[in-house]
Every structure is written in structure tokens, then in C-alpha cells.
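Peer 1: Can you look at this prediction? I've put the sequence above it.
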Amino acid sequence: MRVHVLQLAYDDDEPVAARVERAAALVSGQRDADLVVLPELWAPTGMNYDLWTAHAESVDGPTVAAVAEAAKAIGAYVHAGSIVETAGPDAPPEARGPQGRGLWNTSVLIGPEGDTLATYRKVHRFGFASGEPQLMEAGEQLVTADLDLPDGRVRIGLATCYDIRFPEQFRRLLDAGAEVFVVPAAWPARRVAHWTLLGRARAVENQCTVVQCNTAGTHAGVAMGGHSQVVDGTGVVLAEAGDGEEVLVVDVDLDVTRRWRADFPVLADRRL
Ligand SMILES: O=C(O)CCC(=O)C(=O)O
């Protein structure tokens, strides 16, 4: 499986429409990829909470449409990172989530025909007394999706940024058959050592490949950490980005991890 991880860098002065156009063009250039991955909330201004409502859109809105067109052009699966999803002003109360806010941090997986294959609403909201817990609803569902690749079918499990601190979510994705976890993020530079460590931990403990796509640049005064990485299920870091904009092109041999699961069957020793 060839994965292209697009670690986008942007600052507050790049207009959202320009960034969507730039990212879609970048996706269109990834011609050899099986799976292209973008970061969390890259269009609606990353960590700039104050602008989220203004840039919220539905899953069939302009950001996903632009990325979907690029996915179709290259015939690849594209994890479009996440958007601020809105239920829309006319949504009935039952469609606005338990807290009635009607906003979610939603990841979107697009298929090679440009169709939306899966959406995942971030379960663990980051920000403590501000940001996501104040403004957004929490997702309530685990999401996996099957990719039909030239070498066979692979099931991926979706998670977003802060979720990576919660190993139980990844265990449940493993139990749902995931072999690869795809984790877009807007993870700050200050704690980037946690980001890389936790990615390796989720890979080793679940014997799964982990694809992490972070952001670079500075949003609302917060410097983003970069260091996107791809870790195989034996714990080997196949590639790691630096601090700035970068595209990682990584060939993941899923059989390496499958053989490792058979050779070192630690998951069979779980006691619940
Ligand atoms: O957990 C962290 O340190 C960062 C998480 C985060 O930035 C997010 O989920 O948006």
C-alpha cells in the first residue's frame, strides 16, 4: 500500500478558499498513491476556535467537494482530514447532537471515484474548558472502512488527533478488524514528543500500522508540531516528517505486520 501523507503548513494569513485550492492541487499531484492523507481541520483554520463556526460546512460542502474531485482525478483513496461539520441552520433538534450545538470535528474518507465512503466524528474533544468541548458535539461511533487495493482488501480504523491519547479506542478499532489506523491532527509543537511516542505505542500494542498526518505552521499563536509519521505494526518508523510542509511517500508492506502478528502472537494473550 503506497501512502502519501500531506503535512500541510499554513498560517492565519492564508485565506481558507486559497488553502482549499492549494490542498486540492497538491492531492491532484499524488498520482502513484493508493491512499492520500490530509491533516485535521486544515481548511477551517486549525486551532483558531473563534473562526470555526464561520467556516463550518456540511460533508457535501466545498472543501470535501474540492478534495473529492482531486481524488477522482488520481483514482486514489483520500482521507480528506477533518472539517468543522455543521448540521445546518434548519436542522431539527434531534439532528444537532445531545448538546444541541450541531457542530462536529468530522473526518471524511473519499473513494477513488470521488464518493464519500466514510465519515468519522471525533470522539474525544480537545481543549478542556475551551475549544472543542465548548463548541462541538462529541462523536459517538467507531468507524472503520475497507480499501480495495491492488494487493487486496485492507480495513482502516479512523481516529483524530487527541483520540490517540485514548488506547481503548484503538483496541476497539483493532477488534473491529482494523489493520491500519489513520490519524489526522493539528497537534502543537509543544507536545510533539507525545504525538510521535503515542503513535508508536498504538502501533506496537495493537500490531497495527499507524499513519499520522499533522499540520505545520502557526494558528492563532499556536505553533504546530509537524512530525507526521508512518509506523508499521512491528513498531518500525517507516518515515517521519520534519517541522515544515512536507509530503511523505511511504510503501507499507502489510504482510510484514501480518507475519509479525503470527510470529509474536501477543494479542492472543489479552485478558479482558
Ligand atoms: O493532546 C494533545 O496534546 C493535542 C491534541 C490536539 O491538539 C487536538 O486534538 O486538536
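Peer 2: Structure's in. What do you need? Remember, predicted model here, so these are calculated numbers, not experimental data.
Peer 1: Pull up the residues of the stretch 1-150 of the chain that are close to the ligand.
Peer 2: When proximity is defined as CB under 6 Å from any ligand atom, the stretch 1-150 of the chain approaches the ligand at Phe126. The C-beta positions use only the backbone N, C-alpha and C, and glycine is treated the same way.
Peer 1: All the strands of the stretch 1-150 of the chain, residue numbers only.
Peer 2: Assigned by DSSP state E, counting those that start in this stretch, the stretch 1-150 of the chain shows strands spanning 2-7, 35-37, 77-86, 103-110, 116-121, 144-149.
Peer 1: So which other helices or strands are in contact with the shortest one?
Peer 2: In other words, strand 35-37. strand 2-7, strand 77-86, strand 180-184, strand 209-213 (3 or more CB pairs under 8 Å, 6 or more residues apart in numbering; DSSP states H and E).
Peer 1: would you turn the ones you listed into a markdown table with mean pLDDT and mean neighbour count?
Peer 2: Listed next are the helices and strands packed on strand 35-37 as a markdown table, based on pLDDT from 0 to 100; neighbours: other CB atoms under 10 Å:
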| stretch | mean pLDDT | mean neighbour count |
| --- | --- | --- |
| strand 2-7 | 98 | 25 |
| strand 77-86 | 98 | 27 |
| strand 180-184 | 99 | 28 |
| strand 209-213 | 98 | 29 |
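Peer 1: To Ala239, which of these lies closest?
Peer 2: Proximity to Ala239 (CB to CB) singles out strand 2-7 among those, at 7.7 Å.
Peer 1: Quick one: residues in contact with that closest one.
Peer 2: 23, 26-27, 30, 32-39, 211-216, 226, 228, 230, 239, 241, 244-252 (CB atoms under 8 Å, 6 or more residues apart in numbering).
Peer 1: Quick check on those residues: which are buried?
Peer 2: Listed as buried from these are 23, 26-27, 30, 33-39, 211-216, 226, 228, 230, 239, 241, 245-248, 250, 252; burial here means 16 or more other CB atoms under 10 Å.
Peer 1: Look up how far the ligand lies from Pro15.
Peer 2: 22 Å (CB to the nearest ligand atom, to the nearest Å).
Peer 1: what helix or strand is His194 on?
Peer 2: helix 192-206 (DSSP states H and E).
Peer 1: what about the helices in the stretch 1-150 of the chain?
Peer 2: Using DSSP state H, counting those that start in this stretch, the helices of the stretch 1-150 of the chain run over 16-28, 62-74, 132-135.
Peer 1: Point out the other helices and strands that the last one packs with.
Peer 2: Same thing as helix 132-135. Against helix 132-135 (3+ CB pairs under 8 Å, 6+ apart) you get no helix or strand.
Peer 1: Now stretch 174-190: buried residues?
Peer 2: 174, 178-189.
Peer 1: Find the closest residue to the ligand in the stretch 1-150 of the chain.
Peer 2: Phe126 (3.3 Å; CB to the nearest ligand atom).
Peer 1: what about the nearest residue to Asp163 once chain neighbours are set aside, distance to Ile74?
Peer 2: Among residues not flanking Asp163 along the chain, His124 sits closest, at 5.0 Å (CB to CB, 6 or more residues apart in numbering). According to CB to CB, to the nearest Å, His124 stands 32 Å off from Ile74.
Peer 1: What of Glu14?
Peer 2: Counting by CB to CB - Glu14 and Ile74 are separated by 23 Å.
Peer 1: Would you mind telling me which of those two has more residues around it?
Peer 2: When neighbours are counted by other CB atoms under 10 Å, Glu14 and Ile74 differ, and Ile74 comes out ahead with 18 against 14.
Peer 1: Since that was my last question, I'll sign off now.
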